[in-house]
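**Q** generate coordinates for the sequence data below:
(2 chains)
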Amino acid sequence: MVELLEALARGLGRGSIYALLALGFVIIFKATRVVSFAQPAFMLAGTVMVTYFIGTLGFWGALVAATALTALLALGVERAAVRPMVGKPPFVVAIITLGVDVAVRVVVNGYIGNDVRPMHDPWGLKAFDIGGITVQQRHVVIFVTAAIIVAALFAFFRYSRMGLAMRAASYDQEAALAQGVSVGAVFAVSWAMAGGLAAVAGTFAAAGESVDHLMWLTALVALPVIILGGLDSLAGAVVGGLIVGIVFEVTALYQKDMPWLGGNVSVISPYVVMLLVLLVRPYGLFGTREVERV
Amino acid sequence: MKKLAALTLVAALGLSACRGAETTTDSGGIKTDIGVTKEACPEAIDKTKGCIYLGIISDLTVGPFKALAVPITDAQKAFWKRVNQNGGIGGYEVDVTKYIRDNKYTPATHKEVYDEIKSNILALAQTLGSPTTAAIITDLKNNSVVAAPASWTSAWAFEDVIIESGANYCMESMNTLDYAVEKYKTKSVLSIHYAGDYGDDAAAGAKFGAEKLGLTFSHLKTDAGQDKQAGAIAEIVSKKPDLVILTTGPTEVATIVGGAYLGGYRGRFIGTSPSWNAALLQTAAGPALTALFEQSVPWNSWSTNSTGHTAMRNALTGKAPSEGYTAGWVWSYPLKAALEKAAANKDLTRAGLLAAVKSLESVDYEGMLPAGSGNFKAGAAGQFKSTGIYKVDPAGPTGVSQVKDLFTGPTAAAYKMEGACYLKL
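**A** Numbering: from 1, shown residues only, chains lettered A, B, ... in the order given. Sure, this is the predicted structure:
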């Protein structure tokens, strides 16, 4: 039981990272109807920035600076590579984001260098002992930070002018445009927010660990998360992220009892969960069901 | 008429491409064919000498072994520069800079870049990775292209064209077990490893060694990436083996050792040679690594006092110490010995070089490996089987210091190589 509770705590920490990553994907998708494959590169870029800034700015200062700079980077990419493709099929834009991902990662890899880059975060591998249950401090911090960010995001979309404009544009771009919403600005803010979220997620994914050039692969787990939660659902991204994180850790805990499943089966657990959910809910847990006239 | 002319041109080009290089004999009476020119090397020291071109295919940008591959490649450039400074080989200098390619640690890319350069090189000074090299091994054999691997899989013992150095992963694991049983009275071992002939080879060696030594053995395949090690950590924490052999990359090592330590595991970890990187000491897992981790190695480290090590350090003055340099330097000796023998035989063709390799009874590693190492004439029976053990030491130039000098344990000594170990896992 203790082991299970510890796995749940780790799962919430892991799931919080997936939720932040998935939110970035969903925000861009809602605004542009495109799945951006550049998110892994933004995640890596932001995380590497933190490793450079942390010595002078401290962890939180470095995180804020890296988040802002990654948001600016994403904004620049949107303006230079994506905006000119407005009106083109989403598939074309998605392929462009793939190219952006590779290009940005190659540049960032140069800053990682040959060795791994230590994160030097304040928590490392320290843990709380709560009634005999070991809970890593980094997982608590990740969960709380993610909760604050998610609450702020939901408030932003509900109460701010830009948030409302983004929601309007996500329903119907032409109607929003007719009502005076700057759809271009919505695109730009969406990319910037997604870039910032990726930077925060990557930084916490590397907390207690280090950064190497394979770290971008972590962001790919957000893909089954967004399919599971629903491509256009912010709540789905959060719930999906937490579900996948918990399933991952619980599977890892018990996979030794299921040797017939093969080796590191926890790695495929996000995709199995996604498939199971899609069998009963083809649009994900919270995705909008598309109504098509035939 | 135009169509006929075009077809004729295409046919002519095709025939010339298929023909291959002609064998010629130089003024010194040495036969040459592919990858050897009368013209000087691009960075020649003596412009009157011809050039032997060697290719390098390594993991230089985005693959998991970049941290080792870049210094390996730099060391090989320095090694062959030293050869040229000492007069070259058979009236030729050696170039390893013109045909360097990045494999991204992907077999398909490895094959692609090999195809790009193969018609211009005599041999490969480096082909990094086991699965990547497997993608070109048939072509290497068909065209008699000798290659120095940057990997230690046991499969190379059965390939004439591959001139490996140091004990393979399979032997390394057997020696590790002999060491652990002697020092820690180990009774159970868990092998955590990548899939493929890097990780599987080490796990197979551990399995064989455990059977011979009467130990409890289990193994778990894991994946690259620090976010994918939860299963490995859970396995270690729940099974609590006396010894865990890690055959992964460095980042996974830090995650696994740190995570298992946090979970209460206090047994021993011994990682195979490529699993260590001194930068891990700066991570949160640094204290756990210092307490629990040791590294098995195929040769002694950067700071060792031997003629070869000293020459290496002198050639790489100003570089931050890295065992990648040591590896690149050591791996170059057999090809140098083979080229010297081929030149002495007056045959620097590909076939001549391969014949020279097959006749090598030993290679002079200038003390970096013991005398008698590099018996390629004996084939698999001539395999070098010694391993050293190092512990994590923040004061060491590469973050480690020697615990046990190169040794061949009784298990590895008695093991008869009859095929690649990883096939028996």
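
**Q** which residues does the closest residue to B:Gly28 other than its chain neighbours contact?
**A** Spatially, and ignoring its direct neighbours in sequence, B:Gly28 is nearest to B:Gly91 (5.1 Å; C-beta to C-beta, 6 or more residues apart in numbering or on different chains). Backbone N, C-alpha and C define where each C-beta goes, glycine included. Listed by C-beta atoms under 8 Å, 6 or more residues apart in numbering or on different chains, the contact set of B:Gly91 reads B:Asp26, B:Gly28, B:Ile30, B:Lys49, B:Gly50, B:Ala343.

**Q** B:Arg82 versus B:Gly91, what's the distance?
**A** Going from B:Gly91 to B:Arg82 by C-beta to C-beta, to the nearest Å gives 18 Å.

**Q** how about B:Ala395?
**A** 29 Å.

**Q** neighbour count winner among those two?
**A** B:Arg82 (16 against 7; other C-beta atoms under 10 Å in any protein chain shown).

**Q** what ranges does the stretch 301-425 of chain B have for its helices?
**A** Along the stretch 301-425 of chain B, counting by DSSP state H, counting those that start in this stretch, helices occupy B:307-315, B:323-344, B:350-358, B:410-414.

**Q** B:Asp74: which of those is closest?
**A** helix B:323-344 (6.8 Å; C-beta to C-beta).

**Q** now the angle between helix B:350-358 and that closest one, please.
**A** Interaxial angle, helix B:323-344 versus helix B:350-358 (axes from the mean of the first three to the mean of the last three C-alpha atoms, to 10 degrees): 110 degrees.

**Q** same for helix B:323-344, what does it pack against?
**A** The contact analysis (3 or more C-beta pairs under 8 Å, 6 or more residues apart in numbering or on different chains; DSSP states H and E) places helix B:323-344 against helix B:66-85, strand B:123-128, strand B:147-150, helix B:307-315, helix B:350-358.

**Q** and the ones you listed: which comes nearest B:Ser296?
**A** helix B:66-85 (15.3 Å).

**Q** now the closest one: mean pLDDT?
**A** Helix B:66-85 comes out with an average pLDDT of 94.

**Q** please spell out which residues along it are buried.
**A** B:66-84 (16 or more other C-beta atoms under 10 Å in any protein chain shown).

**Q** next one: that helix to chain centre, how far?
**A** Chain-centre distance of helix B:66-85: 13 Å, with C-alpha atoms, centre = their mean, to the nearest Å.

**Q** for the following helix or strand past it, which helices and strands make contact with it?
**A** Using DSSP states H and E, the helix or strand that follows helix B:66-85 in sequence is strand B:92-95. With contacts taken as 3+ C-beta pairs under 8 Å, 6+ apart, strand B:92-95 sits against strand B:50-58, helix B:66-85.

**Q** so where do the helices sit in chain A?
**A** Assigned by DSSP state H, chain A shows helices spanning A:2-32, A:39-77, A:90-112, A:137-159, A:161-171, A:173-178, A:183-206, A:222-229, A:234-254, A:269-280.

**Q** and the pLDDT for B:Leu335?
**A** 97.

**Q** please name the spatially closest residue to it (chain neighbours excluded).
**A** Nearest residue to B:Leu335 in three dimensions, chain neighbours excluded: B:Ala148, at 4.9 Å (C-beta to C-beta, 6+ apart).
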